[in-house]
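**Q** Turn this into a structure:
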Amino acid sequence: MRAATTRSTSRAGVGPASCSSRSRAASAVSGRRLEGWSRVWAREVARGPHSRAAVSSSAEEVEPAREREEPGSNLSIESLSEAVTVSVTSLPSRNLRELRATTRIDAPARLVWDTLTSYETLHEFIPGLAVNECLERTDSGATLLQIGEANTAVGFRFKAKVLLRIREFPTGLEEGHKFALETDERKRDITFSQLEGDFREYEGTWKILGEDDADESQLVYMLRVKPQPWLPVSLVMRKVSQEVKTNLACVRRQAEGLRA
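**A** Residues are numbered from 1 along each chain as shown. Model prediction:
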């Protein structure tokens, strides 16, 4: 796995000033890109659910995935994943689930924030992101196009495509928000919500707890997701849970690497 690019400038409350060169070009024409994405998505909808399932949230035969090499790390992703706790709750709306995952990180909260807001390099340390493109960047967030892939034990790969609106809350979400968390610790939130994509509903937050001068912090991932009706919810959530554990482990290792 390639080492993620270290950001040369860190600003309180926001991530890097711009996306990668490809993403900066995309940002200049973001309106056309988003409009074009909508047209493509409309064509997929017109083709019907079975066709859409084959294209995106699909199950296709593939070779078993090989674990990425992680140079310069003392702990494997598998070992770090074991420290991630995950719970899934059924919500009143049919097939709607809420997932919560938590892990401790041996790095101050500001480094975890820097890691998660380096949108243009997320794919470099999160192995499940087959595509990660920053289409637009603002002072308070971004628009990301992502395609995730996950293998199953029986040799199938699931793909999910999402266009995400990202919003940054360096002082945390306001009280009463559905993803707010009651705690005395300092909070930071990075929320995401699906604009277009392969899920009926897909929204959540990365919540970072801890002080900038502390030796450690806590990362909480909250997700509300409703798969398409033709997909088995139990299978989808099982794979989502596994991928979330891996993702948090990857974020942990990346943030702890910045501290070194």
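
**Q** burial measure for Val86, as a count.
**A** 17 (other CB atoms under 10 Å). C-beta here means a position set from N, CA and C on the backbone, and glycine is covered the same way.

**Q** For it, list each beta-bridge partner.
**A** As for beta bridges, Val86 partners with Ala101 under DSSP bridges.

**Q** any idea of the pLDDT on it?
**A** Note for Val86: predicted pLDDT of 95.

**Q** is it true that it touches Arg97?
**A** No: in this structure, Val86 is not within contact of Arg97 by CB atoms under 8 Å, at 11.7 Å.

**Q** Tell me how many other residues surround Pro229.
**A** Residues near Pro229, counting by other CB under 10 Å: 10.

**Q** now do Ala109
**A** Other residues close to Ala109 by other CB under 10 Å number 24.

**Q** again, but for the one 4 residues further on
**A** Counted with other CB under 10 Å, the neighbours of Trp113 add up to 26.

**Q** Output the below-cut-off pLDDT ranges for this protein.
**A** For the chain, the stretches with pLDDT under 70 are 1-74, 151-157.

**Q** Can you classify Phe179 by secondary structure?
**A** Using DSSP: H, G, I helix; E, B strand; the rest coil, the structure places Phe179 in coil.

**Q** Any idea what the residue nearest to it when sequence neighbours are not counted is bridged to?
**A** Once flanking residues are discounted, Phe179 sits nearest to Thr205: 4.4 Å by CB to CB, 6 or more residues apart in numbering. Beta-bridge partners recorded for Thr205 (DSSP bridges): Thr191, Met222.

**Q** Okay, helices next: where are they in the stretch 151-260 of the chain?
**A** Secondary structure of the stretch 151-260 of the chain by DSSP state H, counting those that start in this stretch: the helices cover 233-259.

**Q** follow-up on the earlier one: next, count neighbours for the residue nearest to Phe179.
**A** By other CB under 10 Å, neighbour count at Thr205 equals 25.

**Q** Report the beta-bridge partner residues of Leu163.
**A** Leu145, Glu196.

**Q** That one against Asp198, yeah?
**A** No: using CB under 8 Å as the test, Leu163 is too far from Asp198 to be in contact (10.2 Å).

**Q** give me phi/psi at Leu231?
**A** phi -100, psi 140 (degrees, to the nearest 10).

**Q** So it versus Glu203, what's the distance?
**A** Distance, Leu231 to Glu203, by CB to CB, to the nearest Å: 18 Å.

**Q** sorry, back to before: more neighbours, Leu163 and Asp198?
**A** Asp198 (24 against 20).

**Q** Surely that one and Trp230 touch.
**A** No: counting by CB under 8 Å, Asp198 stays clear of Trp230, with 11.2 Å between them.

**Q** shared neighbours of these two, which are they?
**A** Here Asp198 and Trp230 share no contacting residue, scored by CB atoms under 8 Å, 6 or more residues apart in numbering.
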